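> Fold the following.
(2 chains)
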Amino acid sequence: VSALADARERSEWRGEDVTAGEVAERLLALNREHARHAHGHAATRTLNLLVAPADDVTPDALAEQLAGLADRHPSRTIVVREGAAPRLDATVAIDCTIGSGAGRAGHCHDMALLVADGQRLAHADSLVRPLRVVGLPTVLWLPGTRASRAQEPLAALAQAIVLDSAAGSGSQLPALFARAAALDVARVRDVAWLRLARWRRHVAARFDDPDALALLARMERVELRSCSPQQASALLLSAWIAARAGWTIERLAPTPDGWNGIAIRPDGNAVELALGPPEQPDLTGIHALALHAGGRVIALHAPVAAANPARAFAAALGMFDTATPGYAPALAELLGGMEAA
Amino acid sequence: VSTAQAPAPAVANPFAQDVDERLPPASTLVLFGATGDLAARKLLPAIYDLLADGRVPERFRLLAVVRGDRDDASFRAHARDAIGAHARHPLDERLWDALEPRIDVVAGEYGSPKLFATLAARLDAGDEEDGERSQRLFYLAISPAFFAETARQLAAAGLGRGADPPTRLLIEKPFGHDLASARELNAAIEESFEERQVFRIDHYLGKETVQNLLVLRFGNGIFEPLWNRTAIDHVQITVAEDLGIGHRAGYYDRTGALRDVIQNHALQLLSLVAMEPPASFDADLVRDEKAKALRAVRPLDPARDAVRGQYTAGWLAGERVPGYREEEDVPANSRTETYAAVRVEIDNWRWAGVPFYLRTGKRLPLRLTEIAIAFRPAPHQPFRGLDAPPPPNELVISVQPNEGATLQIAAKVPGTALRMRPVQMDFQYGTSFLRESPEAYERLLHDALLGDPTLFTRADEVEAAWQVVDPLLAAWADPRSGEPEPYAAGTPGPAGTDALLVADGRAWRPL
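The predicted structure follows:
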């Protein structure tokens, strides 16, 4: 057991060429050991978090994201990575945050890192089944832009699948949206979509105004301004507006500094979609939306309190059991337009 | 968007179906008592925290009504300090820059019609500037003595009953000081505002665990079948405070523990425990059931059903603290109770014969609010040779400081002998959900902005609660009833409080 500078404790076991059964035993043993010596540390697990990182996600980057996550959403975390050697290697750890101040309990969560060859990964569900906490919901997280070999078998175990279409940009985006659409979309929690929660509230609130609502049928142009890392979210926002307004996106193609497209209103007239860069280089996120109709403009600026992007992933996990209405129709419009282009 | 003569659309807002939480409409919050303690510690920080969480409408204004000659700049500086000191979110300059210009001051005397005329004009001017009419919420964080008159003046300025744009009146307990005055206050307010416009705040109802009590009862299948006289032996509701009265002697000495806590917080908790399941979580259906539970409380007998106490000097957390009568501005012969315990019976089919014991006090050993549901023991113990039967099951819902719930069950002690010991199945918000709960005032302000009155107390609930405590107030006000029983600060209350339960063969949970 080592005490870290930031008031955390970690107990760890590593094994090479092991079986999933051995890993499960070690996990149990570590938990028993921890319970015996826990001084006011409560084990906190609200779900089984399966992680299948793509090969473009470095172990350090993943560890950093997981470390931050545990403070917000404690899980039994099971990471499944691909290794070169034809065997299963494993690391099992319990991480505890020390309670600071009188009466404050610390909290602990556990993690298993499995590194397996491709053949085993194709049956990753069999590796993971003995390690899950029975009775807790299971969520699969797919970090990175490419698919892991473990994705498909693990997806079968999961109630929800968390991914981030904003993990890439520009020409990578169609493939990322297609990846989400290829999964069971009702179970997908796309962080790029969840980042839009405040924008969607904002848009919905503006169209509570009957005058604004009346303009929707006469809309001619939708303009969105966003920084590059938020392009995926900006595309989803424009596609959501189109889907809910009853438009069909006919074409959506990248330009040197954004995306341009055409949507068709139910009356057959066209709506221009224009996604561009921020008006000032220091602006971040999606910062402006303007909807033009007959010389009038509905202008919305970024909500004053932007959600903390670093917490979007934790929020996505927190919403694993909450439906995301609007996402599937937005995704379908987006892909329809991209494919046509 | 122009508002000029656009035809009403035939379709609903298609975007509304996909948002998890609706933003309130354009709003102006008019805060009376804006320089007071409640505003500084709770209300201004709650507004900022709502803003930081993206729950404030795009068009939001705060009009601070103050007495004296404060100007916008000095009040804004005061608000900034209060937010910096008490908000959950750290002060973010970008957010503050957005909020600051939306804060304005209206100065005047609460009884002066001029203040209310100015206020009405300022509200209209704000709407004109924003190009949108905003709903108006009047939060009276002022002495209850001004409630009725302020409501009347607001109505006289066209801001009460039937106002357009719509208005709401938010008031904080105490709602009267006995049944008669509560009725009088409700009647006075009703002359100026419709009941649906009046949002009476008992901040306990904004607490996460209090709302979770409803989820626990009605969202789980296992509890409700046991939630009655067949399975439950008794219920204990404790609202214990370790603090004294601070600088509130003027208020507290006129009020006492019965009015300060039992009449509102404790009886609200009781009504949530005792209420029948509402058909839906419609605000009025929930409040109907709560009011019915309170109306079913058997009239209290002051001699048999209640105990009062007053703390004397003692030791608390290693410090010597003064007695109540030694506190600043407390009369040396004060008969005000700082501790009250009552035994409540609810005369209906569900609860007949199940006593509810309520207690509250100042300068008790710790700060704790909890509801303990004590179940009946197993009817037969088949285990031979036990030293003692296992203690009965208890479900303890902890409201503060550690929000959560614990179920106590008996378990076999490992070993060859058959021995049993109580163990706890524990749920704590702090470990199961690591996200911070919003403060009670955030939740309540947000609900008020949305116009959802579920977590606010209706006039008939207030009156039903006064009806419960009125016989005790009358009895204790009589000098012939003697003085409150003394208890040393740092102890769990007066000795006589145990007698309430001992007579029933029970004991208080230890404090």
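> What residues does whatever residue of the stretch 201-350 of chain B ends up closest to chain A make contact with?
Closest to chain A within the stretch 201-350 of chain B is B:Ala317: 10.3 Å, counting by CB to the nearest CB. Where you see a C-beta, it was placed from the backbone N, CA and C, and this is true even at glycine. Taking CB atoms under 8 Å, 6 or more residues apart in numbering or on different chains, we find B:Ala317 in contact with B:242, B:490.
> how does it look with 10 Å?
When contacts are counted by CB atoms under 10 Å, 6 or more residues apart in numbering or on different chains, B:Ala317 touches B:242, B:365-366, B:490.
> Taking chain B, what residue is nearest to chain A?
Closest residue of chain B to chain A, CB to the nearest CB: B:Asp18 (3.2 Å).
> Could you double-check that that residue lies in contact with A:Trp240?
Yes: the pair B:Asp18 / A:Trp240 is scored as a contact, 7.1 Å apart, by CB atoms under 10 Å.
> pLDDT weak spots in the stretch 201-341 of chain A?
Residue ranges of the stretch 201-341 of chain A with pLDDT under 70: A:282-283, A:304-311.
> Which parts of it are helices?
Using DSSP state H, counting those that start in this stretch, the helices of the stretch 201-341 of chain A run over A:210-216, A:231-245, A:312-318, A:327-340.
> Ok, the stretch 51-200 of chain A next?
Using DSSP H, counting those that start in this stretch, the helices found in the stretch 51-200 of chain A span residues A:59-70, A:118-121, A:124-128, A:151-155, A:173-182, A:191-194, A:197-206.
> for the ones you listed, which one sits closest to B:Gly353?
Set against B:Gly353 and scored by CB to CB, the helices of the stretch 51-200 of chain A come closest in helix A:59-70, at 48.4 Å.
> so how far is B:Arg22 from the residue lying closest to B:Leu23 once chain neighbours are set aside?
Closest residue in space to B:Leu23, ignoring its immediate chain neighbours: A:Ala205 at 4.1 Å, by CB to CB, 6 or more residues apart in numbering or on different chains. A:Ala205 sits at a distance of 7 Å from B:Arg22 (criterion: CB to CB, to the nearest Å).
> now do B:Leu450
7 Å.
> what's the overlap in contacts for the two?
B:55, B:57.
> Pull out whichever of the contacts of B:Ala317 are also neighbours of chain A.
Among those, the residues that sit close to chain A (CB under 10 Å from any CB of the partner chain) are B:Leu366.
> Please pick the buried ones from the contacts of B:Ala317.
B:242, B:365, B:490 (16 or more other CB atoms under 10 Å in any protein chain shown).
> residues in contact with the second one?
Taking CB under 10 Å, 6+ apart as the contact definition, B:Pro365 lies against B:240, B:242, B:314-317, B:489-493, B:510-511.
> Tell me, what's the model's pLDDT at it?
We have a pLDDT of 93 for B:Pro365.
> Which residues of the stretch 151-300 of chain A lie near chain B?
Residues of the stretch 151-300 of chain A lying close to chain B by CB under 10 Å from any CB are A:194, A:196-217, A:240-241, A:243-246, A:291, A:293, A:296-300.
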